[in-house]
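Colleague: I'll drop the sequence and a predicted model, then ask my questions.
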Amino acid sequence: MDRVSNYVSRKSGSFPSLMARKSEVYLPISTKPQSKFRMKALLGHCLYRRVVIWTVVLIVLLSITLFNPKLTARSHDVFDLVHGSRSRVNDAAPTPENLSLQKQDDEERPPDLAVQETKQDEEEPKQEGEEEEQSEEKDKESEDGKASGPHWLRYKHLDGYYNGLRALVPFLEYKPEYPEETPTDPASESPPIVHQSKPPKPSAYRAHPDYDSDEYQKTYVPVKRCYIDEENRVPAPDLYAYNGVPQGQPKAAIGSYDLLGIREDVCFDRFGRYGPYGLGYDLDLGGTGEALDTEHEGSDAVWEKTGRINYEDVDWASAQERCYKSNQGRFFTGNETRDFELAQTGRKRMDRIAVVVRTYVGFQWTSHALLNFRAMINELSLRSGGEYDVHFLLHVRDNNAPIWADPATVQEILDVNVPLEFHGLCTLWSEAQMKLYYPGNFGDTFENPSNGDIHGVYRSAHMPLQHFAMMHPEYAHFWNWEMDMRWTGSYYELFDRLGKWGAKQSRQGMWERSSKYYIPGLHGNWDNFTELVHHETEASGKRPILGPVVFTGKPSLAEGEVFLPSSCATGSDMTQCGVGEDADLITLNPLFDADESGWVFAGDVTGYDRQYQMPPRRCAIVTASRLSRRLLRVMHEETWRLHHSMFSEMFPPSMALHHGLKAVYAPHPVYLDRDWPQEEIEKAFNGGRDHTSGGHGSPFDLTNEHNHKGTSWYYNSEFAGLLWRRWLGYSQMDGRGDNGGRAGEGTQRGGQKEEEDPKNSGRLCLRSMLVHPIKWENPAEQE
């Protein structure tokens, strides 16, 4: 989401002035009130006196500037970046702590510039005393600049992400560039980057169960194969992966593959990932025409089995429906009575899950967006035998459009805004419709910094999802997804493993564990992390949360709040409380305590009695999450009957907290673009109250969000887009420079010429990872 940085508030007061200073989200923001420039003071009465005063002031300022060497030297204040300055953080002479970064910057500097600087040094020799004096001044100014700016500007950029297929090694031989492993042998060195003469060959990657095995068919109702076309001639294709990882590729700094059950010993290139869906061949053959201008050695392997599939006349809604009907005997129905009967007889049946992708009128569809959602539908729905369905929830901004009354209007909107192959997957909604569905007075709001309407998508994106869930009782869970998210691996592996991991989690210590980022390099394995969180909770003096929370003014649900499973009964082993129970909420960032967190919308709470304090709240930034039917029912009742609401990212977690539903943060792998010390990751991302991500010191505080700029997963990330486009085969500015680097700066790297160069390692191959936000993909989209 574009979120706060693209929002222009109409409300007066401190919030708009704060947002006006957030134009540079790359750096911390000062909340100190800014003095106002008063034209009246300059052009008021006594004009001659004012002219004389201003003239004297200007002369004094010019004199100070010209004759004070400290001010004539290049500024080292990182906050100059806010005003577009090109000041350098690393102008200082090499010191032990900045030597590695300066060496890197020197290597990145164009050769001709380095030669010019060398010649200038030779032509203008300096006296030894003068050199020492200026060096000391530079050291001091450099340290001052570093102290006033983000700490991560000092950390070296990591290069291993850009090692390609010719650097592939078996996982057992793989040694990451980051985090550095402590060598057992003092003489040990980092292994050289391998350069194979040709890229290896990929193989079909199957993250689904072996549906044809005897073991599966004895336990579950058998699965019938699904096809893309109506004639059942084109089976749902495989995606392809490479066994191994490019040597030196960094490990994830946050989260874990092994914990979630996702493979980390394979990697995906652009052709293995998207080739089966139309990447790499022309429109005349039914492809997208993308990647024809990128390096493609060995890419034909992905079409050896299926050929290049023609997607010109595919209807994905029809393909999904046919797949489900062929396999409907495998699933529960959504009717509680019938499902109870089915559960008592025969082989096991499964719940169905909807993936609801939020889009809007005016969204610019591209070829890469087509590829992404073809992959999602194929891998989640067709390859799974109908276990998942994919839907698009299309926001119609015109509140006067009769989208629920006139089919011709609906068709016209679809024709203009959605590719034909996805028409049947779209459900249209509008804010006017939400006002009809959730009528009445919602009462007072504690804070409304966006000044938006309570039925507006910005504040209440959960409302149309609640409505969708009420209209679709056949689904047990609903993934809430966004258009600008990408996953380099199998979508089935992602969603299936997160769901299974969530079910395995104990409710004991659940909220406390979910409030922290999991950093394996510092916290150790999950058991160690669990023990650490237990000790930190005890040290805080707070009781762990188990079951619904009680607060003044809390109303009851109509049907009560009996959501704790029998495994949590008194006298039970509480470590097993909730184990085996599906999670009602799975988020992809920590569930942090919004109170005093500094998050902009922490007070956007509506409908509660303002004579009491705000109710306790939890939040997970980025709305991507899985919500259960029963959580959405609770949210629906809180909205229509009690007229309660909170900001979009806060309402689902807070409802789970209030009513004792099972909520977990799934620590998926998140990568950093720089060589962060492990302790600094902890300080930056778990620096809130009681060593969590919430409360005072939260990483979601407006002044702390700059720490996410170099991550692979956060709404303001710059690294995510850069890495994704390099993986797609497009050259990008590498984000490096004298001032520490930032998006759009540095040297043009990657692309066809560099990937084809025999001296380099070829096209990128990345492990499964989530990247967000991806606002554009092919550089031609920016022209």
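Modeller: Looks like it came in fine.
Colleague: who are the neighbours in contact with Asn335?
Modeller: Asn335 makes contact with Pro473, according to Cβ atoms under 8 Å, 6 or more residues apart in numbering. From N, CA and C alone the C-beta is placed, and that goes for glycine too.
Colleague: Look up how far Pro473 lies from it.
Modeller: Between Asn335 and Pro473 the distance is 7 Å, computed by Cβ to Cβ, to the nearest Å.
Colleague: How about Asp673?
Modeller: In this view, Asp673 and Pro473 are 44 Å apart by Cβ to Cβ.
Colleague: between those two, which one's more packed in?
Modeller: Asp673 (27 against 12; other Cβ atoms under 10 Å).
Colleague: can you pull the contacts of that one?
Modeller: With contacts defined as Cβ under 8 Å, 6+ apart, Asp673 is in contact with 157-158, 161, 710-711, 719, 722-723, 735.
Colleague: Output the residues you listed as a markdown table; include the columns pLDDT.
Modeller: Putting the contacts of Asp673 into a markdown table (pLDDT from 0 to 100) gives the following:
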| residue | pLDDT |
| --- | --- |
| His157 | 95 |
| Leu158 | 96 |
| Tyr161 | 97 |
| Gly710 | 96 |
| Thr711 | 98 |
| Phe719 | 96 |
| Leu722 | 96 |
| Leu723 | 97 |
| Gly735 | 85 |
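Colleague: Among these, find me the one that's closest to Arg225.
Modeller: Out of the contacts of Asp673, the one with the shortest distance to Arg225 is Leu723. That distance is 35.5 Å, counting by Cβ to Cβ.
Colleague: Student question: in this structure, what's the helix or strand with minimum average pLDDT?
Modeller: Ranked by mean pLDDT, DSSP states H and E, the weakest helix or strand in the chain is helix 99-108, scoring a mean of 36.
Colleague: Please pick the buried ones from the contacts of Asp673.
Modeller: Among the contacts of Asp673, those classed as buried by neighbour count (16 or more other Cβ atoms under 10 Å) are 157-158, 161, 710-711, 719, 722-723, 735.
Colleague: Dump those residues into JSON lines; add secondary structure as well.
Modeller: As requested, the buried ones among the contacts of Asp673 are exported to JSON lines (DSSP: H, G, I helix; E, B strand; the rest coil):
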{"residue": "His157", "secondary structure": "strand"}
{"residue": "Leu158", "secondary structure": "coil"}
{"residue": "Tyr161", "secondary structure": "helix"}
{"residue": "Gly710", "secondary structure": "coil"}
{"residue": "Thr711", "secondary structure": "strand"}
{"residue": "Phe719", "secondary structure": "helix"}
{"residue": "Leu722", "secondary structure": "helix"}
{"residue": "Leu723", "secondary structure": "helix"}
{"residue": "Gly735", "secondary structure": "coil"}
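Colleague: all strands for the stretch 201-350 of the chain, in order.
Modeller: Counting by DSSP state E, counting those that start in this stretch, the stretch 201-350 of the chain has these strands, from start to end: 203-205, 239-243, 245-246, 266-267.
Colleague: average pLDDT across the first one?
Modeller: It stands for strand 203-205. The predicted model gives strand 203-205 an average pLDDT of 98.
Colleague: ditto for the longest one
Modeller: For strand 239-243, the per-residue pLDDT values average out at 98.
Colleague: try the last one
Modeller: This predicted structure assigns strand 266-267 an average pLDDT of 98.
Colleague: name the helices or strands packed onto it?
Modeller: Contact here means 3 or more Cβ pairs under 8 Å, 6 or more residues apart in numbering; DSSP states H and E; on that basis strand 266-267 packs against strand 239-243, strand 245-246.
Colleague: Identify whichever of those lies nearest to Phe478.
Modeller: Proximity to Phe478, assessed across these by Cβ to Cβ, is greatest for strand 239-243 (24.4 Å).
Colleague: neighbouring strands for the closest one, and are they parallel or not?
Modeller: Taking DSSP bridges as the criterion, strand 239-243 pairs within the sheet with strand 203-205 (antiparallel), strand 266-267 (antiparallel).
Colleague: Tell me which residues touch Arg486, please.
Modeller: Taking Cβ under 8 Å, 6+ apart, one finds 372, 724, 770-772, 774 in contact with Arg486.
Colleague: What of Phe685?
Modeller: Under the criterion of Cβ under 8 Å, 6+ apart, the contact list for Phe685 reads 254, 517, 519, 693, 699, 707.
Colleague: can the residues you listed go into CSV with extra columns for neighbour count?
Modeller: Below are those laid out as CSV (neighbours: other Cβ atoms under 10 Å):
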residue, neighbour count
Ile254, 22
Tyr517, 23
Ile519, 24
Ser693, 27
Pro699, 26
Asn707, 24
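Colleague: Return the member of the residues you listed nearest to Asp210.
Modeller: So of these, ranked by how close each gets to Asp210 (Cβ to Cβ), first place is Ile254, at 32.0 Å.
Colleague: The spatially closest residue to Arg725 that is not a sequence neighbour pairs with what?
Modeller: If you skip the residues right next to it in sequence, Arg725 has Gln732 as its closest partner in space, 5.3 Å away by Cβ to Cβ, 6 or more residues apart in numbering. The residues paired with Gln732 through beta bridges, assigned by DSSP bridges, are Arg749.
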